[in-house]
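[1] When you get a sec, could you give me coordinates for this:
(one chain, ligands or ions: 1)
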Amino acid sequence: MTTKMSSMETDVLVVGGGSAGIAAATSAARNGAKVVLVEAGPMLGGELNSGIPVDGVYTARGDLAVGGFATDFFDACARYDGFIGKVCDYRALNVVCVDPEASKLAAIELVYGAGVQVLMYTFADQVVASADGVVEGVIVRNKRGRTLIRARVVIDATGDADIAAGAGCETMVGEGGDPTLQPVSLVFRMAGVDAARLLAFVAEAPENVSVLEYPGFAPDRAAAIAGLVAQGRPKVFLVAGGPLLDTAIAEGRMYPTSMVAITPISEGRREVSVNTTRVAGVDATDTSQLSRAIDDLSRQVQTCSRFLQTSVPGFEDAVLSALAPRVGIRETRRIVGDTVLTGADILAGRKFDDGIAKGCHELDIHGRETGHRRANIKDGGSYDIPYGCLLPKATKNLLVAGRCLSADREAHSTARVMGSCMGMGQAAGTAAAMARELNAFEDIRQVDVGALRARLREQGAVLDGIA
Ligand SMILES: Cc1cc2nc3c(=O)[nH]c(=O)nc-3n(C[C@H](O)[C@H](O)[C@H](O)COP(=O)(O)OP(=O)(O)OC[C@H]3O[C@@H](n4cnc5c(N)ncnc54)[C@H](O)[C@@H]3O)c2cc1C
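    Sure thing, here's the model as predicted:
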């Protein structure tokens, strides 16, 4: 392996190819910038590839809260025959269900189709920043050695704020001196599920299923269960506190968990994703901790798939069909930005003059074992994500998008979902390209936020019109 460092130049460098990064890179390129996207893994999509549904696209009330790139992404999923669409869980959410195999193809189509130069299998290693807050470039590492990518604007979409932290920006972990983080999880998939039989079981034994945490879905529990069954989709939230899961945990047939969240991902394969496993006390920026967690998580996958096959009607003939490509990380570092979005803001559905995207997922903090804090956004509506949440303090040409936004722990727990990440990504990428038009690379804050909002609206983003 050579140790010589090569170099390249671009207008906009996006680091991280998850839901935020693919939206940022595509949007910057569509708005005329030369864009390089660096992704450590072998595939674009990040957490999208695990099979979980895209939350934060529709409010609980059913209004669209994210458009633009997200709409293009779902249209592309549909072209690859992998779009199930909006599904109500009759608990608290309207989610968008897609086939993760189609979503990989969709991400590639959109990013490459926009003319982005993609460097996969490449890890952003070191940030070159000056004392006055300008990020001059990022040194990346891959099998060919190290490359300095000089960029006029850098977008940190790593989820973990790797670039902001590397540039010396202030970051937050946990809350109020307590570094507790949400658990890590390994999502898995099961194929050959009999959805009709599963839903018949929901109707027969509704006490095992959480519904109506958002009261607007139905007049009472019985009506919510009837709605869930009539919808015909295997979107079922088996909950701790219900006898099925509690008994299995007490008897050691299941590990302690707050939920077994089942989501449809492919009708053709009769396949669902299952979000349930958890290991708490892991700082996912420490790869040795993350590597240890996968051992426990894989045992939990085996335990839960056996539990489903033996105890949950509809899963009798189902088989384990896939593991998520990596351990899922809910929470690590968040930046301290010009604005810090708070739990009070999101619960009140607060609107901001510099809102560049909307969030509408519930407050959603997974805890250790069966612990889980959830709360609805006011009236099942939405809140604004301000531009200031994407701007790390004391930097000139650095934006973040996605899970590492500037928010307290409560606000982060809702804005981290993938619909909101796409909205933030579109805003960050568009702002970076507008800086190029203005020749304002040296200070991204010169981009007029009113003009940015107008451009985002023109390009399909949802910024107004819903409460
Ligand atoms: C178990 C679990 C269940 C969830 N359930 C849901 C759900 O049902 N619905 C929902 O919408 N959201 C859900 N979420 C939240 C959501 O998936 C994530 O918060 C969201 O995907 C974050 O998107 P992102 O683009 O910020 O980061 P990611 O999707 O994590 O993408 C970051 C990308 O950056 C790359 N990267 C990181 N560091 C570097 C580096 N230094 N150099 C190069 N590349 C780098 C990574 O490889 C990755 O591809 C869940 C999360 C977890 C973990």
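[2] do you know how far the residue nearest to the spatial centre of the chain is from residue 255?
    For the chain, the residue sitting closest to the mean C-alpha position, by Cα atoms, centre = their mean, is residue 418 at 3.2 Å. Distance, residue 418 to residue 255, by Cβ to Cβ, to the nearest Å: 26 Å. For the C-beta atoms, the positions are set from N, CA and C on the backbone; glycine is no exception.
[3] Could you list the buried residues of stretch 214-229?
    214, 217, 218, 224, 225, 226, 228, 229 (16 or more other Cβ atoms under 10 Å).
[4] As CSV, these with distance to the ligand, secondary structure and pLDDT would be great.
    Formatted as CSV, the buried residues of stretch 214-229 follow (distance: Cβ to the nearest ligand atom, whole Å; DSSP: H, G, I helix; E, B strand; the rest coil; pLDDT from 0 to 100):
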residue, distance to the ligand, secondary structure, pLDDT
214, 16, coil, 97
217, 18, helix, 98
218, 22, coil, 98
224, 20, helix, 98
225, 21, helix, 98
226, 24, helix, 98
228, 17, helix, 98
229, 21, helix, 98
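[5] quick one: the residue nearest to the centre of the chain and residue 48 touch, right?
    Yes: counting by Cβ atoms under 8 Å, residue 418 touches residue 48, with 6.0 Å between them.
[6] what's the spacing between residue 299 and the ligand?
    According to Cβ to the nearest ligand atom, to the nearest Å, residue 299 and the ligand sit 16 Å apart.
[7] Quick check on that residue: phi, psi?
    Main-chain dihedrals, residue 299, degrees, to the nearest 10: phi -70, psi -40.
[8] Show residues contacting stretch 106-118.
    For stretch 106-118, the external contacting residues (Cβ atoms under 8 Å, 6 or more residues apart in numbering) are 10, 14, 17, 22, 25-26, 29-30, 34-37, 39, 44-45, 48, 69, 72-73, 76-77, 79-80, 82, 98.
[9] Same list, those, but only the ones touching the ligand.
    When contact is defined as Cβ under 6 Å from any ligand atom, these meet the ligand at 17, 39.
[10] Count residues in the vicinity of residue 466, would you?
    17 (other Cβ atoms under 10 Å).
[11] What of residue 132?
    Neighbour count for residue 132, taken as other Cβ under 10 Å: 9.
[12] Need the per-residue pLDDT for the nearest residue to it once chain neighbours are set aside.
    Ranked by Cβ to Cβ, 6 or more residues apart in numbering and with sequence neighbours excluded, the top spatial neighbour of residue 132 is residue 396, at 7.1 Å. Residue 396 is assigned 96 on the pLDDT scale.
[13] Can you give me the distance of the residue of the stretch 251-400 of the chain found nearest the ligand to residue 55?
    With Cβ to the nearest ligand atom, the shortest gap between the stretch 251-400 of the chain and the ligand falls at residue 328, namely 2.8 Å. Applying Cβ to Cβ, the value for residue 328 to residue 55 is 14 Å.
[14] Quick one: residues contacting residue 435.
    The neighbours of residue 435, taking Cβ under 8 Å, 6+ apart as the test, are 152, 153, 397, 441, 444, 446, 447.
[15] SS state for it?
    The local conformation at residue 435, judged by DSSP: H, G, I helix; E, B strand; the rest coil, is helix.
[16] Mutual contacts of residue 418 and residue 48, please.
    Listed as contacting both residue 418 and residue 48 by Cβ under 8 Å, 6+ apart are 19, 54.
[17] where does the stretch 251-400 of the chain dip in pLDDT?
    Filtered on pLDDT under 70, the stretch 251-400 of the chain yields no residues whatsoever.
[18] Return the residues of it in contact with the ligand.
    Residues of the stretch 251-400 of the chain lying close to the ligand (Cβ under 6 Å from any ligand atom) are 275, 328, 329, 330.
[19] Cross-reference the residues you listed with the helices and report the matches.
    Residues of these located in helices (DSSP state H): none.
[20] Next, format the residues you listed as a markdown table and append neighbour count.
    As requested, these are exported to a markdown table (neighbours: other Cβ atoms under 10 Å):
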| residue | neighbour count |
| --- | --- |
| 275 | 23 |
| 328 | 20 |
| 329 | 22 |
| 330 | 20 |
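[21] Max pairwise distance over these: which two?
    Maximum pairwise distance among these (Cβ to Cβ): 13.3 Å, between 275 and 329.
[22] Setting aside sequence neighbours, what's the nearest residue to residue 324?
    Nearest residue to residue 324 in three dimensions, chain neighbours excluded: residue 50, at 3.6 Å (Cβ to Cβ, 6+ apart).
[23] so what's the backbone phi/psi at the one you found?
    With angles defined as degrees, to the nearest 10, residue 50 sits at phi -80, psi -20.
[24] Just the closest residue of the stretch 351-467 of the chain to the ligand, please.
    Of all residues in the stretch 351-467 of the chain, the one sitting closest to the ligand is residue 402 (2.3 Å; Cβ to the nearest ligand atom).
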